[in-house]
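>>> Just need the structure, nothing else, for what follows:
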Amino acid sequence: MPHWREQQHKDRYFKQAKSDGYRARSAYKLIQIQERFHVIKRGDVVVDLGAAPGSWSQVVRKWVGPKGQVIALDIQEMEPIPGVTIVQGDMTDPAVMAQVMELAGGRANVVISDAAPFTTGIKLRDHVLCIELARAAFEFAQAVLVSKGNYVAKVFNGEDLPALIHDVKMAFHPVKTNIPEATRKESWESFIVAKGYKGKTSA
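Residues are numbered from 1 along each chain as shown. Just a heads-up that it's a prediction; the model follows:
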């Protein structure tokens, strides 16, 4: 068994995901963000960007209840999730975003993104690509969120992150960065947690 696979099987969140029926251990990152920041509530319309394999959508579906709505988007094909509307496409494609917006009825309470690029191992390149995805999610959030809506996005730490955080702070208050306990120790990812959407900025 490869070393990384052996480590994965020893990982308590990996084991817990299997036990709890989640498709990936990343479910617990969102659960921990929710426990601390309360970004999603019952009845919310939530758009999950970069959703594959679907663990975040699984969690959110439980939280929003029967009157809520979850729309999951990813460039990869996803297995169906009961109660979740799945769209396959590129989150940076305006036509795909228009489709998601139409499904959301032109409004959403929360936009979340666990999107990450296919990593190359070249740290600067991976950082830039991840920030581009987070910024695309931010632009979409500004287009679809209701007043006081919330936005959560994964980012890789690096030189382009402060500029993105600055722009997010122009549109939301409060804005925090968070590293959930479920994040692997060797990871360089964190999450922007932005609440209280104020309105679209010119940034």
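>>> which helices and strands sit right next to the strand with the most length in the chain?
Counting residues, the longest strand found in the chain (DSSP state E) is strand 145-156. On a contact count with 3 or more CB pairs under 8 Å, 6 or more residues apart in numbering; DSSP states H and E, strand 145-156 meets strand 108-113, helix 123-144, helix 161-171, strand 189-194. For the C-beta atoms, the positions are set from N, CA and C on the backbone; glycine is no exception.
>>> out of these, deepest packed?
strand 108-113 (a mean of 27; mean count of other CB atoms under 10 Å).
>>> now the angle between helix 123-144 and that one, please.
170 degrees (axes from the mean of the first three to the mean of the last three CA atoms, to 10 degrees).
>>> returning to that earlier point: the longest strand of the chain: partners in the sheet, and parallel or antiparallel?
Sheet pairing of strand 145-156 (DSSP bridges) gives strand 108-113 (parallel), strand 189-194 (antiparallel).
>>> bridging residues for the residue most central in space within the chain?
Centroid-nearest residue in the chain: Ser113, 2.0 Å away (criterion: CA atoms, centre = their mean). Per DSSP bridges, the residues bridged to Ser113 are Leu49, Ala153.
>>> that older thread, for the helices and strands packed on strand 145-156, give me CSV that also has distance to Ile31 and mean pLDDT.
Output for these, formatted as CSV (distance: least, CB to CB, whole Å; pLDDT from 0 to 100):
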stretch, distance to Ile31, mean pLDDT
strand 108-113, 12, 98
helix 123-144, 20, 93
helix 161-171, 22, 97
strand 189-194, 12, 97
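>>> Let me have those in CSV, extended by distance to Lys62.
Below are these laid out as CSV (distance: least, CB to CB, whole Å):
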stretch, distance to Lys62
strand 108-113, 14
helix 123-144, 22
helix 161-171, 27
strand 189-194, 20
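>>> follow-up on the earlier one: run the chain-centre distance for the longest strand of the chain.
9 Å (CA atoms, centre = their mean, to the nearest Å).
>>> Could you do stretch 184-203 as well?
10 Å.
>>> Flag every buried residue along it.
For stretch 184-203, a neighbour-count test (16 or more other CB atoms under 10 Å) marks 189-195, 197 as buried.
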